[in-house]
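Asks: what follows is a predicted structure for the sequence shown.
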Amino acid sequence: MMEPLGVVDMHTGGEPVRIVTGGYPALPEGTILEKRRYVRDNLDHLRKMLMFEPRGHFDMYGALLVEPDLPNADLAVLFMHNEGYSTMCGHAVIALGRYAVDQGFVAAVEPFTTVNIECPCGMVVATVEVKNGKAGAVSFESVPSFLFAADRMDMFEKYGSVRFDISYGGAFYALADCRQFGLEFGRDPVSAFVEAATALTEAARQGVPLSHPDHDDLAFLYGSILTDGADAWSPEPTRNVCVFADAQVDRSPTGSGVTARLAAMHAKGEIREGQVRVFESIVGSHFQGQVASVTAAGNQPAIIARVSGHAWYSGKAEFMVEDGDPLAPGFLVR
């Protein structure tokens, strides 16, 4: 029987975060991207065990804490999902910020505690509200984010002509107004959004080659975000749904997706530095986002986004595999 895997489960805006607390083999030294490749190539059976049924489900999300490589990092993390390993995850960073304070990875300082989290995309700085020794809301400032391609067009047999952007927020996303697909939030089922977003992701992957100034490992399209089209700043929330990896649906507003949207909105003059915007998810949960500062990514104009939300504990478990279990590796029905 293999060594059990310990986990703490949290959720941020309804999106699960399964934090591995024990049982993973030690990883070789190296950069965070080298560790990501090692886990993908050598330990992927453990991702499937934790993410897939019967211990997880199609839309499960996980976080594996690893030894930091950057000198100022308080912790480092690899993100996992139904398809593999992402480079950035805002909802997981929000959960890990609170978890790091609660577990004493950093000394709690009131009213705000800083947690430097090394992600595959780079250093992400989380700020945790602390009151009476208890961690609360978390915000993070992500890596330089930018609009990569604006106002691209593609023709779909089912939907007709669709205009979209591609923007980077720690991961690359295609962004499009859901109304172009004949969809409306609150009226149409999630399955219809998944179908449209998946079609957009496939078309964008074929039609728009990606590059990133820091590393080739970052140059892949993670998924698509369908919005309500309300990109210009308003005090009212703007809704979106992110469909990423293998048609996985984010229940939260998507931290890296909010970052990517802010980068696109700023590049198009739809939001100014310091303006706060509320982003609403498919289940009605909210993140706040703003352009904290302007910067550059290589020769590309970019922003630093600040995204805020709450994470909550939902469980604690120890998962095992019995010898002879024919379904031990895990499976997905959908």
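Replies: Cool, the structure landed.
Asks: look up how far Asn42 lies from the most centrally placed residue in the chain.
Replies: With distances taken as C-alpha atoms, centre = their mean, the residue of the chain nearest its centroid is Cys89 (2.6 Å). To Asn42, Cys89 is 22 Å away according to C-beta to C-beta, to the nearest Å. All C-beta spots, glycine's among them, are computed from the backbone N, C-alpha and C.
Asks: got the domain ranges for the chain?
Replies: 5-141+313-319, 146-306 (the TED database).
Asks: now distance to Leu332 too, for those domains, in JSON lines please.
Replies: Formatted as JSON lines, the domains of the chain follow (distance: least, C-beta to C-beta, whole Å):
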{"stretch": "domain 5-141+313-319", "distance to Leu332": "5"}
{"stretch": "domain 146-306", "distance to Leu332": "9"}
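Asks: ok so, going back, before we move on, what SS does the closest residue to the residue nearest to the centre of the chain other than its chain neighbours have?
Replies: Excluding the flanking residues, the one nearest Cys89 by C-beta to C-beta, 6 or more residues apart in numbering is Phe79, at 4.4 Å. Under DSSP: H, G, I helix; E, B strand; the rest coil, the three-state class of Phe79 is strand.
Asks: and the longest helix out of those in the chain, what does it pack against?
Replies: Looking across the chain with DSSP state H, the single longest helix is helix 190-207. If you count contacts as 3 or more C-beta pairs under 8 Å, 6 or more residues apart in numbering; DSSP states H and E, helix 190-207 packs onto strand 146-156, strand 160-168, strand 172-177, strand 221-227, strand 238-244, strand 248-249.
Asks: just checking, Gly122 touches Val143?
Replies: Yes. Contact criterion C-beta atoms under 8 Å: Gly122 and Val143 qualify, at 4.2 Å.
Asks: now for Thr31: which residues touch it?
Replies: By C-beta atoms under 8 Å, 6 or more residues apart in numbering, the contact set of Thr31 is Asp69.
Asks: thinking again about what came up before, Gly330 is nearest to which of the domains of the chain?
Replies: When the domains of the chain are compared by C-beta to C-beta, domain 5-141+313-319 sits nearest Gly330, at 3.1 Å.
Asks: how far does the closest one stretch from start to finish?
Replies: Start to finish, the residues bounding domain 5-141+313-319 are 5 Å apart (C-alpha to C-alpha, to the nearest Å).
Asks: closest to Arg334 out of the domains of the chain?
Replies: domain 5-141+313-319 (4.8 Å).
Asks: what mean pLDDT does that closest one get?
Replies: The pLDDT scores in domain 5-141+313-319 average 97.
Asks: list the buried residues for the host helix or strand of Val39?
Replies: Using DSSP states H and E, Val39 maps to helix 32-42. Buried residues in helix 32-42, counting neighbours by 16 or more other C-beta atoms under 10 Å, are found at Ile32, Leu33, Lys35, Arg36, Val39.
Asks: I'd guessed His45 sits against Met80; true?
Replies: No. Counting by C-beta under 8 Å, His45 does not reach Met80; the two are 12.0 Å apart.
Asks: looking at these two, which one has more neighbours?
Replies: Each of His45 and Met80 had its neighbours counted (other C-beta atoms under 10 Å), and the higher figure belongs to Met80 (28 against 13).
Asks: from the chain's centroid, how far away is the next helix or strand after the helix holding Val39?
Replies: Heading C-terminal from helix 32-42, the first helix or strand you meet, by DSSP H and E, is helix 44-51. In this view, helix 44-51 has its centroid 18 Å away from the chain centroid, taken as C-alpha atoms, centre = their mean, to the nearest Å.
Asks: many thanks, we can stop here.
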